[in-house]
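S.K.: Give me a model of this one.
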Amino acid sequence: MGPELAWPSSWAWVTALLAGACVLALLPPPRDLGALVARDRPPRSRAGSWVRGRSDAVPLARRVVPGTALGLVAALLAGRAGLASGWAWSLGPVVALAVVVLLGRVEPAATRRRRQVLVLQTPQALELMASCLAAGLPVRGACRVVVDAFDGPVAEDLGRVRAATDLGVADADAWLQLADHAQLGPAAADLARSVESGTLLVTTLRHHAVQARGRREAALQVVARSVGVRSVLPLMTCFIPAFLLLGVVPTVASALARALSW
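M.R.: Below is the predicted model of the structure:
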């Protein structure tokens with residue numbers, strides 16, 4: 001008879017259930033459901049913003065699940081380690097709150113990729129719009145050309161302006177929607193003033209394109225400089241085992257062999 005398999009302990013079942021709850025809580029919800037919740041959500045107060053976290057982070061209700069699970073695990077582990085029961089169960093809420101706050105501060109990967117694409121596409125978009133205005137197109141026509149020429153976040157953000165003007169919103173009000181935009185904000189504010197005054201800001205748009213190009217070069221330099229830091233761990237993973245196997249292990253083995261033979 002072979003060895004009998006040990007039945008998983010209660011700790012294994014609890015850990016598995018908590019891990020499954022954390023995974024389900026952090027999965028992205030359906031897009032339609034997320035839009036419905038965002039539309040029906042009441043205005044948020046400024047109190048407790050450090051708990052709510054970023055506006056694009058995982059929703060607070062879904063961050064509570066992994067926070068509670070990890071807090072419970074921390075309390076149980078502290079109790080098994082010999083900590084007093086009062087201190088052990090006080091540790092749970094602290095860990096849960098820390099997990100909720102930290103998850104709310106983490107930038108989602110989709111937001112980071114979108115920001116990087118915006119940095120890369122903004123100079124070409126502004127240059128194309130300036131060329132369209134210099135050729136005699138109105139602001140609406142130039143915006144339509146840029147939206148049709150690009151894909152991704154630039155087309156999405158400028159598409160909101162185009163959709164607003166198609167619905168009858170004034171051009172100035174439509175462009176002011178992007179006044180707080182990280183990349184297109186200054187150019188959008190100048191375009192809002194230009195449609196009100198009736199002047200074409202071709203030179204100003206090209207100036208904004210130059211500034212956007214400078215921001216893109218700075219971002220690319222930061223990425224290039226971080227390559228060396230990010231490559232340290234893969235290089236260590238590749239070279240340290242080889243160094244140990246080829247350099248340290250033979251030396252130790254030969255020393256042990258000599259010592260045992262002596």
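
S.K.: alpha carbons only for contacts and neighbour counts from here, please
M.R.: OK.

S.K.: Tell me the spatial nearest neighbour of residue 212, not counting adjacent residues.
M.R.: Closest residue to residue 212 in three dimensions, ignoring its sequence neighbours and counting by CA to CA, 6 or more residues apart in numbering: residue 123, at 5.3 Å.

S.K.: where's the one you found relative to residue 238, distance?
M.R.: Distance, residue 123 to residue 238, by CA to CA, to the nearest Å: 40 Å.

S.K.: And these two? Which one has more around it.
M.R.: Taking other CA atoms under 10 Å, residue 123 and residue 238 do not tie; residue 123 has more neighbours (25 against 11).

S.K.: Please tell me I have it right and that one contacts residue 213.
M.R.: Yes - contact criterion CA atoms under 8 Å: residue 123 and residue 213 qualify, at 5.4 Å.

S.K.: Can you report how many residues neighbour the closest residue to residue 125 other than its chain neighbours?
M.R.: The shortest distance from residue 125 to any non-neighbouring residue, by CA to CA, 6+ apart, is to residue 146 (6.2 Å). As a burial measure, residue 146 scores 21 neighbours (other CA under 10 Å).

S.K.: Hmm, residue 146 is touching residue 156, no?
M.R.: No - with contact defined as CA under 8 Å, residue 146 does not reach residue 156; the gap is 10.6 Å.

S.K.: that older thread, point me to the helix or strand that includes the residue nearest to residue 212.
M.R.: Here residue 123 sits within helix 109-134, counting by DSSP states H and E.

S.K.: Who are the packing partners of the longest helix along the chain?
M.R.: Taking DSSP state H as the criterion, the chain has its longest helix at helix 202-230. Judged by 3 or more CA pairs under 8 Å, 6 or more residues apart in numbering; DSSP states H and E, helix 202-230 is in contact with helix 109-134, helix 185-197.

S.K.: Least confident of those helices, on average?
M.R.: Lowest mean pLDDT within the helices and strands packed on helix 202-230: helix 185-197, at a mean of 83.
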